[in-house]
Structure formats: C-alpha cells, structure tokens
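Student: Can you look at this prediction? I've put the sequence above it.
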Amino acid sequence: MSQDNFEKEDRLETIFKLQKGLSEMMELDRYPKDSESRISALCTAIIHEAVELQRTTNWKWWKTPIPFNETDAKEELIDIWHFVIQASLELDLTPDDIIIEYRKKNEINRERQRTGY
C-alpha cells in the first residue's frame, strides 16, 4: 500500500486491512482453533507486550534510572496495537463498530467523572 493511500483512506480502516493481510500470511498451525481460546491467547500476548512496554520505563524506583528509549517504547506499543486489532478482527468488530463502542464507553467514563466515580 503506498503512502498516498494512507492519506486518502481512513486510518483505522488502513490498520485493519494491514493486520488482516498479515494474519492471512501467517502460519497458524499453533493458533487456537476456537474463538474463545484465540481471544484468550491474544489477551496473553497483549499483557506480555504491555510488560515489555513497561520495561522501557524506569518503573523500578530502587534502580538507577537510565534514559527513556522512546523508540523502543513506541515499538512495544505498536505490538500491543497488532494484538488489539487482531482481537477486534476475531470478534468481528469493524472500525465503525469500534468508534461506536468507544463513544459509548467514553460517555460512560465522562459521566463517572462528572458524578465523582
């Protein structure tokens, strides 16, 4: 996909297409066969990638801090995005569905903030 297409096409749609294309290329012999197991495996992957992202930070207060490597942090965050988008595909969520559900949850969270949740 050329850079021009990225500018013309909805960005979330682009991410979904890229992930779908990647998953179609992958050898999935060890990928769980049923939906629940696939979602569970993807959750595990997201958790581990989140830990890898955390490791790019100086969260260990007892250690001498090292410079934050933003490039490594971005790479780990994108790994999380890959698994989140794959989970979305597994659950048959479209980019439009995500926007709708995100707006619903965002309004709930806003209401919680207004009411002192």
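Tutor: Thanks, I have it. Residues are numbered from 1 along each chain as shown.
Student: ok, how many other residues are close to residue 42?
Tutor: 22 (other CB atoms under 10 Å). Every C-beta, even on glycine, is put in place using the N, C-alpha and C of the backbone.
Student: mind checking how far it is from residue 85?
Tutor: Distance, residue 42 to residue 85, by CB to CB, to the nearest Å: 10 Å.
Student: got it, and residue 103?
Tutor: Per CB to CB, residue 103 is found 18 Å from residue 85.
Student: cool, and residue 11?
Tutor: Residue 11 is 12 Å from residue 85, by CB to CB.
Student: what does residue 53 give?
Tutor: 16 Å.
Student: The two: which has the busier surroundings?
Tutor: Between residue 53 and residue 85, residue 85 has the larger neighbour count (other CB under 10 Å), namely 22 against 18.
Student: which other helices and strands contact whatever helix or strand the more buried one lives in?
Tutor: Residue 85 is part of helix 70-90, with elements assigned from DSSP states H and E. Helix 70-90 sits against helix 11-25, helix 35-55, with contacts defined as 3 or more CB pairs under 8 Å, 6 or more residues apart in numbering; DSSP states H and E.
Student: out of those helices, nearest to residue 81?
Tutor: helix 11-25 (7.2 Å; CB to CB).
Student: Could you tell me the angle between the closest one and helix 70-90?
Tutor: 80 degrees (axes from the mean of the first three to the mean of the last three CA atoms, to 10 degrees).
Student: from memory residue 81 sits against residue 15, does it?
Tutor: Yes. Applying CB atoms under 8 Å, one finds residue 81 in contact with residue 15, separated by 7.2 Å.
Student: between these two, which one's more packed in?
Tutor: residue 15 (17 against 13).
Student: Skipping adjacent residues, who's closest to the more buried one in space?
Tutor: residue 85 (5.8 Å; CB to CB, 6 or more residues apart in numbering).
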